[in-house]
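In: what follows is a protein structure lacking sequence information:
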């Protein structure tokens, strides 16, 4: 089993994210993704509550839709709206096309959130659930969202914060100096990116949750099932050896409590809008 499971967030000065590998990894995970996506389900439900009092939109974009679990939910929430599901992984886009009829999800696009193939002012709501961590330039992504939004259009989103998988990061630091775990943007960075894009952040909320696993292998299996491999362009090109893996597991097991290892996940969710300007 591969052990390098999470993408390192590249700096704005030197993007190092290999999007081809991101797409390939998530395409392979499409058929099993929902079975592992417990946290994704919870954060997505939270985002839906932020839209509970939203006036009926004409067009809703699910940006980074994955298997389309929330594309369908958005369609049910706004039955008169045109639902667009967008994901950069062809395997995910194909999964959505087979999962829904054209009446349920009107348009499925295989495209990158950083290069949205949509017209200016064509969308009322952008919904993005745990997808932004796979983007290199948050300000550019938010600027793209602003471009396609109609005046008074809104964005609801969630992404991972820097405390995510800190235990796994610490366990690997006992083994070598390679980057095995992603470094995620914090709330301040996200707020700044929204402001730079010309969006008004009406709400940002950070939540840290802890999930228990019977073993490190169970955690790794879940991350692999989600397609979350290390896909940085400058990642180590050799396979992680069994000895290094054993060392990491041993270090992680020192943190066991009540017969389980713990993994922390920090999520940052937000609601932002485009002004009339």
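Out: Sure thing, it's come through. Predicted, not measured: the structure shown is a model, and the values here were computed from it.
In: gap between stretch 177-187 and the chain center?
Out: Going by Cα atoms, centre = their mean, to the nearest Å, the spacing between the C-alpha centre of stretch 177-187 and its chain's C-alpha centre is 14 Å.
In: now it: mean pLDDT?
Out: Taken as a whole, stretch 177-187 has an average pLDDT of 81.
In: now that stretch: buried residues?
Out: 179, 180, 181, 182, 183, 184, 185, 187 (16 or more other Cβ atoms under 10 Å). Glycine gets a C-beta too; all of them are placed from N, C-alpha and C.
In: who are the contact partners of residue 211?
Out: Each residue near residue 211 by Cβ atoms under 8 Å, 6 or more residues apart in numbering is listed here: 38, 39, 262, 263, 264, 265.
In: pull out the buried residues from these.
Out: If you count burial by 16+ other Cβ under 10 Å, the buried members of the contacts of residue 211 come out as 39, 263, 265.
In: show me what the last one is bridged to.
Out: Per DSSP bridges, residues listed as beta-bridge partners of residue 265: residue 209.
In: that one and residue 162, how far apart?
Out: When distances are taken as Cβ to Cβ, to the nearest Å, residue 265 and residue 162 turn out to be 11 Å apart.
In: where do the strands sit along the stretch 151-277 of the chain?
Out: Applying DSSP state E, counting those that start in this stretch to the stretch 151-277 of the chain gives strands spanning 200-213, 261-273.
In: if we can go back for a sec, with the contacts of residue 211 in mind, which one is nearest to residue 213?
Out: Proximity to residue 213 was ranked across those by Cβ to Cβ; first place goes to residue 263, at 6.4 Å.
In: just give the nearest non-adjacent residue to residue 118, would you?
Out: Leaving out its chain neighbours, the residue that sits closest to residue 118 by Cβ to Cβ, 6 or more residues apart in numbering is residue 148, at 4.6 Å.
In: is it true that that neighbour touches residue 115?
Out: No - applying Cβ atoms under 8 Å, one finds residue 148 not in contact with residue 115, separated by 11.6 Å.
In: compare those two and say which is more crowded by neighbours.
Out: Applying other Cβ atoms under 10 Å to residue 148 and residue 115 shows that residue 148 carries more neighbours, namely 22 against 11.
In: dump the residue contacts of the more buried one.
Out: Residue 148 makes contact with 61, 116, 118, 119, 120, 121, 122, 123, 126 under the criterion Cβ under 8 Å, 6+ apart.
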